[in-house]
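K.L.:
Need the 3D shape of this:
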Amino acid sequence: MSLENIRSVCEEVLSRVIPEREETEKALRIFREVSSYLEPVLNELKYPYKITLEGSVSRDTHLRDDTDLDVFILIRYEGMRREWLEDLINKIAVVLDRFKPKKLYASHPYLRFKVEGIEVDVVPAFMALNVSEVRTAVDRTVFHTNFVKSRLSKDQVNEVRLLKRFFKGIEVYGAEIRTEGFSGYLTELLIIYYGDFINTIKGLSTWTPPQVVDFLKLYEDLKDYVRLYGRKPLILPDPVDSRRNVAAALSMKSFSTAVLAAKMFLEKPSFKFFYPQVDVSELSWDNIVNYIVSRKTSIVGYLIHYLEGTSPDIIWGELKKCLRRGINVLKGYDFEVLDASIWCDEVNTAVLLYEVPQEELTPYVLHKGPKVLRDVEVRKFLNKYLKSSDVVGPWISDYGELTILKPRKYKTSLEVLLNESKVILHAKHIVSYKVVKLGDLVNLYLGNDDFKIWLYKFTHKKPLWL
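P.N.:
The predicted structure follows:
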């Protein structure tokens, strides 16, 4: 490990991630503009309220060309319920109509739209005077902002930017269901805890699950943390609300990816951890097909259309459940699943893919019956299969078991996906689907750059930073 090489890479990355002053000023101007449209509606409520800027811009940890705004409307109204919030959001949507807002849902409804290329979320929340009054995760955000601002030094904001860009480069940034990775708040806390980017990476490289990072020093024994927070890969008690694990959304895959990437970066620091690049010459459709043909496997799956306007977290949650069910169903019919993954455009289209060693199995499957000495079971077995024209056998195995060859219910993985689709794709927001092989995706591949990169990664397997 050469600290000089690491610092050199970090300096190069910083030259690309620190926002230009004009970008930040534009974001703050848009915040003021949006606030001015909100004021008249909120004044009609006759409840105490405050419009605040939360998120990375408020903490000065946002990245260049990756700025978004979290505009919070804090309202001191004890009777705040979902129906009341729906009504409020509808009124706000009217005054923001020029921005064409979309209504989305998390713990409650909020609006999302773009202004001059900057994504803006307008989020109503309960104005909690202290953490004990917090009702939802959204209400807690303002306390997170205050904590980070009070603990993060001016020098450390760029350290946060480095860590964010590192996590983005290795594709583990974001606590959304899509990624199940490191949230912005968690990233900021790690820098506060370890001091800077390099020390955070050093710390990461030594992590083993369940890893505890605790500002509060709540316990001495790991068992106490596991008892309180569950056996999560990373346990970081929220310094503003110790009942909550900030890293609760972090999956074992994202945790493991971060640990390995940290180790590899320390061994051989490189710009590619922050900005991995695909070799454009390898993106031809023929290349994708040849990768699969050369290893003699098959790719099958679903091309899905879902209800437009569905919240990304909701559709990703449904798709991940469908993917897992598909794996289990395929395995249940003797199809080994080598890998499986999801692509989603977060508009109305998704793809679920499974890579299997072979597309078609033998027509028959070995079925072992009872040992010959078990009279009752043997009689039932013989009555069922002895005169059946569909089976081969029975015969007695070397272990004294009655054995037959039974016809498989499904000989191909496509048959499984087609005939078991009602089980696999049981999801509220899926509108239609088509069972597909790799060749059926050529038009989507050639017409959608995001899908093209995703399918390249899925077929090549090795992370771009490795």
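
K.L.:
going forward, measure contacts and count neighbours with C-alpha atoms only.
P.N.:
Fine.

K.L.:
where do the helices sit along the stretch 201-350 of the chain?
P.N.:
For the stretch 201-350 of the chain, applying DSSP state H, counting those that start in this stretch gives helices covering 222-229, 252-267, 285-294, 312-332.

K.L.:
would you turn those helices into a markdown table with distance to Ile201, mean pLDDT and mean neighbour count?
P.N.:
Formatted as a markdown table, the helices of the stretch 201-350 of the chain follow (distance: least, Cα to Cα, whole Å; pLDDT from 0 to 100; neighbours: other Cα atoms under 10 Å):
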| stretch | distance to Ile201 | mean pLDDT | mean neighbour count |
| --- | --- | --- | --- |
| helix 222-229 | 22 | 96 | 14 |
| helix 252-267 | 5 | 98 | 19 |
| helix 285-294 | 34 | 94 | 14 |
| helix 312-332 | 29 | 97 | 18 |
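
K.L.:
Using TSV, lay out the ones you listed together with distance to His305.
P.N.:
Formatted as TSV, the helices of the stretch 201-350 of the chain follow (distance: least, Cα to Cα, whole Å):
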stretch	distance to His305
helix 222-229	37
helix 252-267	27
helix 285-294	23
helix 312-332	11
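
K.L.:
so which of those helices comes closest to Pro101?
P.N.:
Smallest distance to Pro101 across the helices of the stretch 201-350 of the chain (Cα to Cα): 15.4 Å, for helix 312-332.

K.L.:
Who are the packing partners of the closest one?
P.N.:
Packing partners of helix 312-332 (3 or more Cα pairs under 8 Å, 6 or more residues apart in numbering; DSSP states H and E): strand 339-344, strand 349-356, helix 413-419, helix 421-424.

K.L.:
Run through who's touching the helix or strand of the chain with the lowest mean pLDDT.
P.N.:
When the helices and strands of the chain are scored by mean pLDDT, DSSP states H and E, strand 102-105 comes last with a mean of 86. Contact with strand 102-105 is made by 109-113, 309-311, as judged by Cα atoms under 8 Å, 6 or more residues apart in numbering.

K.L.:
Out of the residues you listed, which end up buried?
P.N.:
Among those, the ones that count as buried by 16 or more other Cα atoms under 10 Å are 109-113, 310-311.

K.L.:
Pick out the most distant pair among those residues.
P.N.:
Phe113 and Thr310 (14.8 Å).

K.L.:
Take the buried ones among the contacts of strand 102-105 and keep only those in strands.
P.N.:
Counting by DSSP state E, the buried ones among the contacts of strand 102-105 place 109-113 in strands.

K.L.:
In those residues, which has the lowest confidence score?
P.N.:
For these, the weakest pLDDT value sits at Pro109, with 88.

K.L.:
Run a quick neighbour tally on Ile92.
P.N.:
21 (other Cα atoms under 10 Å).

K.L.:
show me what contacts it?
P.N.:
38, 41.

K.L.:
Which of the three states applies to it?
P.N.:
Secondary structure, DSSP: H, G, I helix; E, B strand; the rest coil: Ile92 is helix.
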